[in-house]
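# predicted model follows, preceded by the sequence.
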Amino acid sequence: MASRIVMSKLSPTMEEGRVLKWVKRKGDPVESGDVVVEVETDKATMEVEAMGSGVLREILVEENATVPTGTTLGVVAAEDEDISAILEESAAAVPVAVPAATAPAQPAPGEASAPGAQPVAPSPAGDGGRIKASPLARRMADDRGIRLEGLRGTGTGGRIIKRDIEAASSAGVPAPAATAPEVDYDVPYERVELSQLRKAIARNLAQSLGPIPHFFLTREIDMGEVLKLRGQLNETLAESGAKIGVNDIIVKTAAQALSEHPEVNVSFAGDHIRRFTRVDVGIAVAVPDGLITPVLRDAAGKGLRRISEETSELIARARERKLAPEDYQGATFTISNLGMYGIDEFTAVINPPAATILAVGATREKPVVVDGTVEIRPRMRVTLSCDHRAVDGAMGAEFLATFAEMLENPLRLVL
Amino acid sequence: MATKITQSDELLGLDGAALVEMLKWMVLGRRFEERAGEMYQVGEIGGFCHLYIGQEAVAVGALTPLRRDDYVITAYRDHVHGLVRGMDPGAIMAELFGRIDGSSKGKGGSMHLFDASVNFMGGHAIVGGHLPVAVGIAYAIRYRDTDQVCVCFLGDSVANIGAFNEALNMAALFQLPIVFIIENNQYGMGTAVHRAAAIENLADRACAYSGMQGWTIDGMEVLEVRRTVETAVDRARAHKLPSLIEAKTYRFVGHSMSDPNYGHYRTKEEVHQFKAHDDPIKQYIETLRAHGVIKDTDLNDIEQEAKKIIDDSVEFAKRSPIPQPDDLYSDIYSGESPDVRRRDPWR
Amino acid sequence: MSRDLLDEFGEWRVRDVPIAELGFTGLGVGAAMVGLRPIVEYMTWSFALLAIDGIVNAAAKMRYMSGGQFKMPITFRGPSGAANQLAATHSQALDSWYAHIPGLKVVAPATARDAKGLLKSAIRDDDPVVFLEGELLYASKDDVPEADDFTLPLGVSEIKRPGRDVTVVVHSRPLHSALAAADTLEREDGVSVEVIDPRTLRPMDIDTILDSVRRTNRCVIVEEGWPVCGIGAQIVDDIQREAFDYLDAPIARVTGADAPHAYAANLEQFQFPQADLVVKAIRQVCYRD
């Protein structure tokens, strides 16, 4: 029984993927469950397993080629099995092969490489590049500045329809930004192709600051008690080898504060607001060619030690690019900490569909007035970015007040 | 059974003025059609243009005895019927020219002349289609219980159409005041009557309908036509009985302007024979001369009068503006037709 | 239909005629030309095929061909569409044939109330009106206003059932299938269906339909007639021209099956645009199939 190796849709936002490496060669015997090929999605590197046994009869997409999801990459079948029908069908659904970054680009004359050429939009419907969208959806997308290319259609045959635009705009969307204006620099430059991850970042964040009305609340917090607590905890844990970081305490504190302020643990969904009943904290992690935000589920319901362990493990997998979609999707709140880079304070762009993100700066010794006298205290500045469609200034400020108070009196964490 | 009326009491007791008036109509009809043919050839008139040349005795003999409140309806060879019924020659010519001052504002053309003011009910171009309509007019007369009469002209080929039976049957069944006059000009377009009708005299079909009288007459003799129609009209007016008259006639020209005068269906000799011996106008002039009703100078006056009327009609038609695009959309309904422009935004 | 009218009005006003459709149609046209206001009844509209010349060539064009000299205040009426197992020649819904003709007005009521109000208006109208009465509706009951002078204007659509999610446009008998489908969808799917009956097919009140489609973004058109060049095809055109940017799904049509009508009872039922088909179509345009 012949089976296909397919560029599977591994996340709702995934439209295309790149073949990284064929683990099996043409003619190699393959058992069901064997890893046949490694592919790079917009967020991670994935191993694709065979769904049947036999030999790898055909390799249809070469390494480094990028193809839309749904494309048949190869065929596993018995040695003498007739696979012409599969091959024919696969050929009929010719994928839009996007030359990958490292592959020598061989554009057809007058195509992709020509300055000002229209980029070939990957089709959410997977039917040869044309985006299927209802007239209404097109008009709504136009009105709201949403790019259809980034959307998944839920209508017949993958047609983008009204509800998809509504979902996209509640998630925050548009992205005129993703099509950066062509600027004719008179300066030599090196063309750096976008990795799948870089594309995903560009797409997702371009859907953030434009359509989402951001506002920012900054507050300085005294970290003396936190540092003291961390010392005590690590002394206690010394024998087990575990180690709690300041960031773990920040995660725990934010989660705790959010559970006291559920009105901030929300997502704007067009005609309603989703107020989440669990706090899933995304932690922005820098990786070599971008960033990714693994999600710590139910952070408010977990103790510091567990938070620390899980966070370490998520960060490690993120750096190895081994995260599965369920590991990095659906944060209700995100923390981005650039303190270790010496950043004092910054503003972060909301990571849709969440309505808030907390930008954490470095903790520094500063002179502050305490009870009428100047003292040197470890101080940290945080900035909360809020989606004003769902969160108002006072709501955000109250949350931040609770968050600060908890950090300044970390015993509250155990209450 | 159909009976043949012969020329006996020739002048029907008509005075000189009435007799000359009939001649005037015949001459006017002939000259009008000749001018229409000319105007067609120079391109002022388009479409189908069926000329009445040779058949004048039928329309003139049938229409001159009618009252002003009677109704007249005919088929598409209708110019002379309209003229004799009293339509303005200028309005007819302008209609043929496709001008706004035409009787139908340029929308009907040659085959669809109408004039409500003289109860001229058209001008109908679907062969046989107007017979049931004529019956409806006669029905309305009886419904209103007046003594009006409806006279319906038809071509010989209509006698073979289903509507002929449906109409004549109802006319007899409901005892309607109607006179059907078949103008048998020998050919239904290019088909000789004997190739189309399984009967020699079409009026014999009257025997199929109780109370309907049929006559087959010489349609080239205007007085014979008049005498027969007077009899039939009297039956209708006084007794509410329908009649069927077959007037055997001949057209001297082709079926329409786009057909040749002879074609394959009839010979040049045949046409010349009819023109030489059976021209209704020549015959009538001879009759009037024989009875001393007219002189040569009268004839000249009649011709000059006809020429003047026709010259004026052509002048009027030429001066009349062509219709405007918006006129295309008027007279479709009693009010505006709202959807028209909406569904056709380019025009 | 005309019971007691003969006794009341006499034989010159209420006339039993030979079965000669072309003949009695033309009779009506001639009577209308000279100022009467006739009503011509066909035993069924399928038989009116024999009278097409009288309706299309004579009645529809008399005013026009005469340059407005003759009005045509005539109403052609009779049962239309399928009856019970009368097979191919007696079951046709030729609505679109008549609606095609400039000069005709075409009315196709679905309820007894509408039939009364619209028929009075049709008779009083100075233009020829083709009045199509769904034959299988003759037994249906409805609240009919008693008032002698109850009329409904021609050319006005009625929203038979307000809704938010999808617009169903339907005339004549299938209105009842559409209303049943709407109930089913409200109950089972929570889909709110707006049902609009144009009632007059020419001139059609498109604005009510367009307004609705602009609200619901979806449309299903139901008719008893065949699909090709049907009434729904014209409505689709009107919508795509004037409300293209409001459509969230292709417009769906549910029509009579594209085949002549068969005699067998099951095949005849299969021919009709039944409620279950309407349900399927609505689910499709709502992306719920």
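Sure, I can see it.

# which regions of the chain lie under the pLDDT threshold?
This is for chain A. A:10-13, A:43, A:92-129, A:172-193, A:198-200, A:202-208, A:210, A:414-415 (pLDDT under 70).

# not quite, I wanted chain C
For chain C, no range has pLDDT under 70.

# who in it is up against chain A?
C:217, C:244-249, C:284, C:287, C:289 (Cβ under 8 Å from any Cβ of the partner chain). In short, each C-beta sits where N, CA and C put it, glycine included.

# of those residues, select the buried ones using a PyMOL command.
With 16 or more other Cβ atoms under 10 Å in any protein chain shown as the criterion, this PyMOL line picks the buried residues out of the residues of chain C next to chain A:
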select buried, chain C and resi 217+245+246+247+248+249+284+287
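
# and the residues of chain C next to chain A as TSV, adding secondary structure?
Shown next, in TSV, are the residues of chain C next to chain A (DSSP: H, G, I helix; E, B strand; the rest coil):
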residue	secondary structure
C:217	coil
C:244	helix
C:245	helix
C:246	helix
C:247	coil
C:248	coil
C:249	coil
C:284	helix
C:287	coil
C:289	coil
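
# now for the residues of chain C next to chain A, which pair is the farthest apart?
C:245 and C:289 (24.1 Å; Cβ to Cβ).

# residue numbers of the stretch 301-415 of chain A in contact with chain C?
Checking the stretch 301-415 of chain A against chain C by Cβ under 8 Å from any Cβ, there are no hits.

# quick one, strands of the stretch 1-150 of chain B?
B:71-74, B:120-123, B:150-155 (DSSP state E, counting those that start in this stretch).

# ignore the last one, the stretch 51-200 of chain A
Counting by DSSP E, counting those that start in this stretch, the strands of the stretch 51-200 of chain A are A:54-59, A:66-68, A:72-77.

# in CSV, list those strands along with distance to residue B:89 and mean neighbour count.
Shown next, in CSV, are the strands of the stretch 51-200 of chain A (distance: least, Cβ to Cβ, whole Å; neighbours: other Cβ atoms under 10 Å in any protein chain shown):
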stretch, distance to residue B:89, mean neighbour count
strand A:54-59, 89, 20
strand A:66-68, 78, 24
strand A:72-77, 83, 23
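
# the stretch 101-250 of chain B: helices as residue ranges?
With DSSP state H, counting those that start in this stretch as the criterion, the stretch 101-250 of chain B has helices at B:130-144, B:162-173, B:193-196, B:222-239.

# show me the one of those that comes nearest residue C:125.
Judging those by Cβ to Cβ, what sits closest to residue C:125 is helix B:130-144, at 18.4 Å.

# which neighbouring elements make contact with that closest one?
strand B:71-74, strand B:120-123, strand B:150-155, helix B:162-173, strand B:178-184, helix C:21-33 (3 or more Cβ pairs under 8 Å, 6 or more residues apart in numbering or on different chains; DSSP states H and E).

# pull the residues that contact the fifth one.
Spelled out, it's strand B:178-184. Strand B:178-184 is contacted by residues B:55, B:58, B:62, B:77, B:131, B:134-135, B:137-138, B:149-156, B:158-159, B:167-168, B:171, B:193, B:202-203, B:219, B:229, B:232-233, B:236, B:242-249 when judged by Cβ atoms under 8 Å, 6 or more residues apart in numbering or on different chains.

# report the buried members of those.
If we count by 16+ other Cβ under 10 Å, the contacts of strand B:178-184 have these buried: B:55, B:58, B:62, B:77, B:131, B:134-135, B:137-138, B:149-156, B:158-159, B:167-168, B:171, B:193, B:202-203, B:219, B:229, B:232-233, B:236, B:242-249.

# make CSV from the strands of the stretch 51-200 of chain A and add distance to residue C:256 to it.
Listed next are those as CSV, based on distance: least, Cβ to Cβ, whole Å:
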stretch, distance to residue C:256
strand A:54-59, 49
strand A:66-68, 41
strand A:72-77, 43
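
# what's near enough to touch whatever residue of the stretch 301-415 of chain A ends up closest to chain C?
Here the stretch 301-415 of chain A gets closest to chain C at one residue, residue A:353, 21.3 Å apart by Cβ to the nearest Cβ. Counting by Cβ under 8 Å, 6+ apart, residue A:353 touches A:170-172, A:267-269, A:274.

# next one: residue C:212
Contacts of residue C:212 (Cβ under 8 Å, 6+ apart): C:159, C:167, C:194, C:196.

# if we go to 10 Å?
C:157, C:159, C:162-164, C:166-169, C:194-196, C:218-219, C:239, C:243 (Cβ atoms under 10 Å, 6 or more residues apart in numbering or on different chains).

# and residue C:40, by the same measure?
B:136, C:17, C:21, C:24-29, C:31-32, C:48, C:51, C:54-55, C:59, C:74-78, C:128, C:131.

# name the nearest residue to residue A:301, ignoring sequence neighbours.
residue A:278 (7.6 Å; Cβ to Cβ, 6 or more residues apart in numbering or on different chains).

# how close does that neighbour sit to residue A:331?
11 Å (Cβ to Cβ, to the nearest Å).

# what's the strand or helix carrying residue A:47 packed up against?
Residue A:47 belongs to strand A:45-49 when assigned by DSSP states H and E. Judged by 3 or more Cβ pairs under 10 Å, 6 or more residues apart in numbering or on different chains; DSSP states H and E, strand A:45-49 is in contact with strand A:3-6, strand A:16-22, strand A:35-40.

# the shortest one pairs with which strands, and in what direction?
Applying DSSP bridges to the sheet, strand A:3-6 is found paired with strand A:72-77 (antiparallel).

# helix/strand/coil for residue C:160?
strand.

# ok, it - how many residues close by?
20 (other Cβ atoms under 10 Å in any protein chain shown).

# list the contacts for the residue nearest to it when sequence neighbours are not counted?
Spatially, and ignoring its direct neighbours in sequence, residue C:160 is nearest to residue C:195 (4.5 Å; Cβ to Cβ, 6+ apart). Residue C:195 sits next to C:158-163, C:166-170, C:175, C:178-179, C:181-182, C:212, C:220, C:222, C:278 when contact means Cβ under 10 Å, 6+ apart.

# could you rerun that using 6 Å?
Listed by Cβ atoms under 6 Å, 6 or more residues apart in numbering or on different chains, the contact set of residue C:195 reads C:160-161, C:168, C:178-179, C:182.

# I figured residue B:59 hits residue B:81, correct?
Yes: counting by Cβ atoms under 6 Å, residue B:59 touches residue B:81, with 4.9 Å between them.

# neighbour-wise, which of those two wins?
residue B:59 (32 against 27).

# if I look at the more buried one, how far off is residue B:74?
For residue B:59, the distance to residue B:74 - Cβ to Cβ - is 8 Å.

# any common contacting residues for those two?
residue B:81.

# quick check: the residue of the stretch 101-250 of chain C found nearest chain B vs residue A:407, distance?
Distances between the stretch 101-250 of chain C and chain B by Cβ to the nearest Cβ are smallest at residue C:126, namely 3.9 Å. Look at residue C:126 and residue A:407: by Cβ to Cβ, they are 86 Å apart.

# which of the two has more neighbours?
Taking other Cβ under 10 Å, residue C:126 and residue A:407 do not tie; residue A:407 has more neighbours (25 against 15).

# identify each buried residue in stretch B:74-81, please.
B:74-81.

# Provide the backbone phi and psi angles at the closest residue to chain A within the stretch 201-347 of chain B.
Nearest residue of the stretch 201-347 of chain B to chain A (Cβ to the nearest Cβ) works out as residue B:345 at 18.6 Å. When quoted as degrees, to the nearest 10, the phi and psi of residue B:345 stand at phi -70, psi -10.
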